[in-house]
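>>> here is a sequence with its predicted model. Questions after.
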Amino acid sequence: MACLLNFPVAVPQAKPSTGKPPNLFPNSRAFSSLSLSLRLGHQKNLLGHRNRSLRKQMGATAMAEERQPLKIMIYGAPASGKGTQCELITNKYNLVHIAAGDLLRSEIAAGTDNGKLAKEFMDKGQLVPDKIVVMMVKERLMQPDSQQYGWLLDGYPRSLSQATALKEFGFEPDIFILLEVPEEILVERVVGRRMDPVTGRIYHLKYSPPETEEIAARLTQRFDDTKEKVVLRLHTHHQNAEAVLTLYKDITVKLLKNVQVNSI
Ligand SMILES: Nc1ncnc2c1ncn2[C@@H]1O[C@H](COP(=O)(O)OP(=O)(O)O)[C@@H](O)[C@H]1O
């Protein structure tokens, strides 16, 4: 399989169910396994080098004593394949997957005040205010499972202020994974994306259609997965990307998407 980053991390063997939010792309192949393996193989060398430097700095004894769970952030435009990568990475490293968008959709589904306010911004393809998102993510990161097993944070931070806030709370990633995908592919992916509410599986009407008419009949579309809204979401993404990327440039692993659109 893909995603073979190797780090000196403590990976507990048996993680109980964490009630993690559903994956956005459980069945898609946004990046082919082969190209992902190759890229991560390359990045592995880079990271191996970084790890060696780090080990030198910390001293071998301290390193052995202070093994910490792995902490990763993953960043990319809407529909850039974060969900697929999250599945691969969490399976490999047994991390808790925390997706800011899923946390917000849970608030909306629960009908909370935060959820109602969040929906107004999500409807416009804008970032939900920090006063909601920062505390929500912070609280999830503080849960015992995240602390014990490590975390993979997906869709956060999306702005410099979010990154800074998390840093002030003492949450810093070991690795920042950046997904880069051409914009025309993103729009087509979003517009055709559907979810099966029974299995949680993600389909694409053109590139990964449902297997049966029964499934096709029950597919749902995310309320912000329209062409009009994805253009706004992409605009918001581009406005904030540079500031976020600058902050994590020393720990960034970049994955480029250059295969055909039908790899969803
Ligand atoms: N960290 C965040 N800060 C503010 N708003 C967020 C954040 N994460 C998600 N959102 C809101 O939720 C929407 C959906 O996010 P998400 O599910 O991650 O999908 P996508 O990556 O396709 O934008 C975003 O367009 C934004 O309105």
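Alright, I've got the coordinates.
>>> distance of the closest residue to the ligand within the stretch 51-200 of the chain from Gln239?
Nearest residue of the stretch 51-200 of the chain to the ligand (C-beta to the nearest ligand atom) works out as Gly101 at 1.9 Å. All C-beta atoms are positioned from the backbone trio N, CA, C, and that covers glycine. The gap separating Gly101 from Gln239 is 17 Å, by C-beta to C-beta, to the nearest Å.
>>> if you count what's nearby, which of those two comes out ahead?
Gly101 (21 against 13; other C-beta atoms under 10 Å).
>>> which strand or helix spans that one?
Using DSSP states H and E, Gly101 sits within helix 100-110.
>>> same question, Pro157
For Pro157, there is no helix or strand it lies in under DSSP H and E.
>>> check which residues of the helix holding Gly101 are buried.
Neighbour-count burial for helix 100-110, counted by 16 or more other C-beta atoms under 10 Å, picks out Ala100, Gly101, Asp102, Leu103, Leu104, Arg105, Glu107, Ile108.
>>> can you name the element that comes right after that helix?
Taking DSSP H and E, what comes next after helix 100-110 is helix 113-123.
>>> for Leu178, which non-adjacent residue is closest in space?
Excluding the flanking residues, the one nearest Leu178 by C-beta to C-beta, 6 or more residues apart in numbering is Lys254, at 4.7 Å.
>>> wait, a strand at the one you found?
Yes - counting by DSSP: H, G, I helix; E, B strand; the rest coil, Lys254 is part of a strand.
>>> I'd guessed it sits against Glu180; true?
Yes - proximity of Lys254 to Glu180 meets the contact threshold set by C-beta atoms under 8 Å, at 6.4 Å.
>>> name whatever forms a beta bridge with the residue nearest the centre of the chain.
Central residue of the chain (C-alpha atoms, centre = their mean): Asp154, 2.7 Å from the mean position. Beta bridges link Asp154 to Ile74, Ala99 when assigned by DSSP bridges.
>>> for it, what are its contacts?
Applying C-beta atoms under 8 Å, 6 or more residues apart in numbering, we find Asp154 in contact with Met73, Ile74, Lys82, Gly83, Cys86, His97, Ile98, Ala99, Ala100, Gly101.
>>> rerun that using 6 Å as the cut-off
If you count contacts by C-beta atoms under 6 Å, 6 or more residues apart in numbering, Asp154 has them with Ile74, Lys82, Cys86, Ala99.
>>> quick one: the strands in the stretch 51-200 of the chain?
71-76, 96-99, 151-154, 175-180, 193-195 (DSSP state E, counting those that start in this stretch).
>>> in CSV, list these along with distance to Val133 and mean pLDDT.
What follows is those, written out as CSV (distance: least, C-beta to C-beta, whole Å; pLDDT from 0 to 100):
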stretch, distance to Val133, mean pLDDT
strand 71-76, 14, 97
strand 96-99, 12, 96
strand 151-154, 12, 98
strand 175-180, 18, 95
strand 193-195, 22, 94
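>>> any idea which of the ones you listed is most buried?
Comparing those by mean neighbour count (mean count of other C-beta atoms under 10 Å), strand 151-154 ranks first with a mean of 26.
>>> pull the CA atoms of it into PDB?
The C-alpha trace of strand 151-154 is given here as PDB (Å, rounded to 0.1, in the frame of the first residue of the first chain):
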ATOM      1  CA  TRP A 151      -3.400  13.200  15.600                       C
ATOM      2  CA  LEU A 152      -3.900  14.000  12.000                       C
ATOM      3  CA  LEU A 153      -5.500  17.400  11.700                       C
ATOM      4  CA  ASP A 154      -7.400  17.900   8.400                       C
END
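>>> sounds good, over and out.
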